Structure formats: structure tokens, C-alpha cells
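Asks: mind folding the following:
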Amino acid sequence: MPPSDSLARALEPFGDAASPAARVTPIAEPTILTKSLAMQTAMKMAEVVARHKTPVLVEGESGTGKELLARYVHTHSDRAQGPFVAVNCGAIPETLLESELFGYEKGAFTGALSFKAGKFELAAGGTILLDDVSELAPALQVKLLRVLQEYEIDRLGGRGALKVDTRVVCTSNRSLKKLVAEGKFREDLFYRINVFPLKLAPLRERLEDLDVLVPHFMAKYNGEVVKEVDREAYQKLAAYAWRGNVRELENVVARAILLSYDSPRLSERHIVFDDLDAATPAEEPPMGEMTLREMEKRLILRTLRRCNGNRTHAAAALQISVRTMRNKLAEYRANGELTEAAGAGG
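Replies: Next up, the predicted model:
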């Protein structure tokens with residue numbers, strides 16, 4: 001088992017209610033399991049911004065936990081007892097998203113048989129999360145800008161503006177700054193929602209979190225029973241690219257539980273990745289054609305790269321001591337197999 005270092009947060013999972021596109025959820029403390037300094041810093045910054053009504057932008061790759069951090073902002077604010085309303089801007093057709101966000105009056109369009117409150121109204125006194133805000137159409141970007149400037153909305157078919165008291169948190173897995181440069185996202189809206197940006201690091205840059213996430217997902221999918229995990233299994237996980245981040249890790253662990261049904265331990269052979277991500281890079285020889293020493297070196301250097309050269313984090317991910325890591329790097333350097341830049345780091 002991995003070392004039992006103290007966690008930044010170890011709370012119960014927060015379940016989603018309603019539909020995945022738009023939902024109003026009850027209040028609960030979200031789960032954030034981490035040993036990563038970068039993640040802990042993001043959480044502390046989230047606690048700071050939670051005390052203010054200013055909009056928040058959470059950026060990060062898919063599966064890094066952006067909605068989780070948005071919930072963390074909500075539960076640490078003075079709006080924690082209010083509703084948390086999540087809307088996936090990329091999951092609702094553009095023709096329906098406007099009425100979903102802003103609501104409509106009876107008779108506003110064919111089929112509008114009664115009044116319907118929009119998500120901004122439902123989030124009154126609480127927080128609205130606009131997930132994948134980068135997917136908003138230009139016309140809706142204009143409407144969102146007005147909400148942020150005037151705290152007003154217009155229902156479809158309405159005769160006047162309505163005041164709203166809602167905290168806005170946006171997430172995106174695409175760089176909004178880049179989209180602005182490409183003319184795909186309004187610059188004025190970007191500055192409005194980018195008042196306090198929070199950036200989540202991908203899993204490959206915080207491999208130390210494997211120590212807490214793997215047991216967590218094992219307990220979730222194995223009836224609270226956490227199996228012993230071989231060091232080789234952790235090393236295989238640490239050497240992987242994790243394009244799907246924590247969401248993909250959860251999937252891999254769930255699969256490993258099924259594959260290890262007749263074993264008291266979870267070993268390397270139970271760790272199976274999706275074929276797309278498991279392919280061996282063309283520039284590297286297959287593992288079967290390498291010596292044991294070469295495989296070890298490749299694993300250490302790959303993990304070191306994914307930890308941005310930080311030897312402490314890389315050693316933790318590989319379940320070896322920092323001293324062992326330092327000695328291995330010294331050996332590779334002495335044999336001319338490592339540049340100074342590649343071996344640098346904390």
C-alpha cells in the first residue's frame with residue numbers, strides 16, 4: 001500500500017442529481033483528495049475568492065476536477081446554503097440553451113404553455129456553474145456579458161429585465177485566451193469572467209495523487225475493501241500519460257478491480273489502459289526488446305519528465321526513495337545517458 005501521508009481533503013463523494021446537462025443539486029462538501037502542492041494551492045485560492053461575489057474561471061483539461069473545485073468555491077462562500085445549479089453549455093443545443101438559462105413566459109414561442117424560470121433564477125442566492133463556457137454561441141455570450149455587468153436577465157417573451165443575485169463560476173477545458181485571439185470568444189466577456197482564474201494541473205503533473213486516488217477508487221468499486229497494490233502496479237500507473245486525467249484513472253481502477261477478482265492483490269497485469277493511449281511511441285523500442293536496466297531508466301526518466309523534473313515527486317510516484325532516485329540519475333549522467341537539464345529539479 002502507498003504511504004499514509006496526510007491528505008489536504010478526504011471527504012465523501014458528492015453525487016449528481018437531475019440531468020447531466022442542467023441540474024440543481026443539494027448542498028454537500030465535495031471530495032477533493034490530494035497530496036499535490038499545486039492542487040492544495042488551488043484550493044486555498046478558491047477559499048480566498050469564495051468570500052467575494054466576483055466571477056471565477058476554472059480552467060483545466062477534461063477530467064481534472066473543474067466542477068469539483070467550483071463546488072468547493074460554493075461550499076466555502078456565504079452562499080453555501082443557497083442552491084448550486086450546474087449547466088453544461090456544450091451538452092444543450094444552442095436553440096434550447098437560451099430558454100434553459102434565462103427562462104420564458106407563457107406563449108413566448110410555440111409549445112410554451114406555461115411560465116418557466118431559467119437557471120439564473122433558480123440559482124438565486126447561490127451559485128450557477130457554466131460548464132464548458134467556451135461552447136457558448138456569440139449571441140449567448142452577449143447575454144452572459146449583460147448578466148455579469150448589470151445582474152439582469154430577460155426571459156424569452158418577457159416585457160422587462162429581472163434582477164438576479166447569482167454567483168457565476170465558469171469552467172473550460174480550452175484556453176479562452178487562445179479562443180479570444182482566434183475571434184471565437186468575446187474579449188470583453190473574457191475579461192469579465194477571468195477576474196480570478198483557477199488553473200487545475202493534469203494528473204500527469206501531480207502523480208503523487210495516485211497514492212490517495214487509487215485506494216479511494218478501489219474502496220468505491222470494491223465494497224470499501226482496499227486491496228494491496230504491488231509497487232510495479234503503481235510504477236505502471238505513474239508511467240502513463242493520463243490524457244483523461246482523474247476520470248480515466250477511475251475507469252482504469254474499476255477495470256483492475258474486475259480483473260483481479262480472484263486475487264488478494266492488485267498487480268501490474270491487472271492495470272489495463274485503453275488501446276489508444278497504451279500504444280508504444282514509435283520513437284521508442286518495445287519493452288520486450290529492452291534490457292531490464294533500460295526499462296528501468298525509461299520509466300524513471302519518463303516519470304521525471306511528467307513531474308517537471310521534480311525528483312521528490314517522481315520518487316514518490318515510483319514508490320522509491322529520493323536517495324535512490326538521485327543515485328540512479330547520477331549513474332545515468334556518469335554514463336552520458338542524461339543531460340544536466342533532464343536531471344535537474346527538486
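Asks: which non-adjacent residue is nearest Ala238?
Replies: Ala317 (4.0 Å; C-beta to C-beta, 6 or more residues apart in numbering). For every residue, glycine as well, the C-beta is placed using N, CA and C.
Asks: let me see the confidence value for the one you found.
Replies: Here, the pLDDT recorded for Ala317 equals 78.
Asks: could you check how far it is from Glu150?
Replies: Per C-beta to C-beta, to the nearest Å, Ala317 is found 48 Å from Glu150.
Asks: Pro202 too?
Replies: Taking C-beta to C-beta, one finds Pro202 at 37 Å from Glu150.
Asks: higher neighbour count, these two?
Replies: Pro202 (18 against 11; other C-beta atoms under 10 Å).
Asks: surely the more buried one meets Tyr240?
Replies: No - counting by C-beta atoms under 8 Å, Tyr240 is not a contact partner of Pro202; they are 11.8 Å apart.
Asks: name the SS class of Pro130, please.
Replies: Actually, residue 130 is Leu rather than Pro. Three-state call for Leu130 (DSSP: H, G, I helix; E, B strand; the rest coil): strand.
Asks: could I get the full set of strands for this structure?
Replies: Using DSSP state E, the strands of the chain run over residues 22-25, 56-59, 84-88, 127-131, 152-153, 162-163, 167-172, 196-199, 228-229, 265-266.
Asks: Glu100: which of those is closest?
Replies: Glu100 sits nearest to strand 22-25 of all the strands of the chain, at 5.6 Å, using C-beta to C-beta.
Asks: so which residues make contact with stretch 323-343?
Replies: Stretch 323-343 is contacted from outside by 296-297, 300-301, 304-305, 309, 311, 314-315, 318, using C-beta atoms under 8 Å, 6 or more residues apart in numbering.
Asks: of the residues you listed - the most surrounded one?
Replies: Neighbour counts for the contacts of stretch 323-343 (other C-beta under 10 Å) peak at Ala314, which has 27 neighbours.
Asks: can you pull the contacts of it?
Replies: Counting by C-beta under 8 Å, 6+ apart, Ala314 has contacts 207, 300, 303-304, 306-307, 325, 345.
Asks: swap the cut-off to 6 Å and go again
Replies: Applying C-beta atoms under 6 Å, 6 or more residues apart in numbering to Ala314 gives the contacts 303-304, 307.
Asks: can you get me a residue count around Tyr234?
Replies: By other C-beta under 10 Å, 23 other residues sit near Tyr234.
Asks: quick one: it from Ile320, how far?
Replies: Using C-beta to C-beta, Tyr234 is found at 10 Å from Ile320.
Asks: quick one: the residue nearest to Val195 when sequence neighbours are not counted from Arg192, how far?
Replies: Spatially, and ignoring its direct neighbours in sequence, Val195 is nearest to Thr54 (4.7 Å; C-beta to C-beta, 6+ apart). Relative to Arg192, Thr54 is positioned 10 Å away (C-beta to C-beta).
Asks: need the contact list for the closest residue to Leu207 other than its chain neighbours.
Replies: Leaving out its chain neighbours, the residue that sits closest to Leu207 by C-beta to C-beta, 6+ apart is Ala317, at 3.6 Å. Going by C-beta under 6 Å, 6+ apart, Ala317 touches 207, 238, 303.
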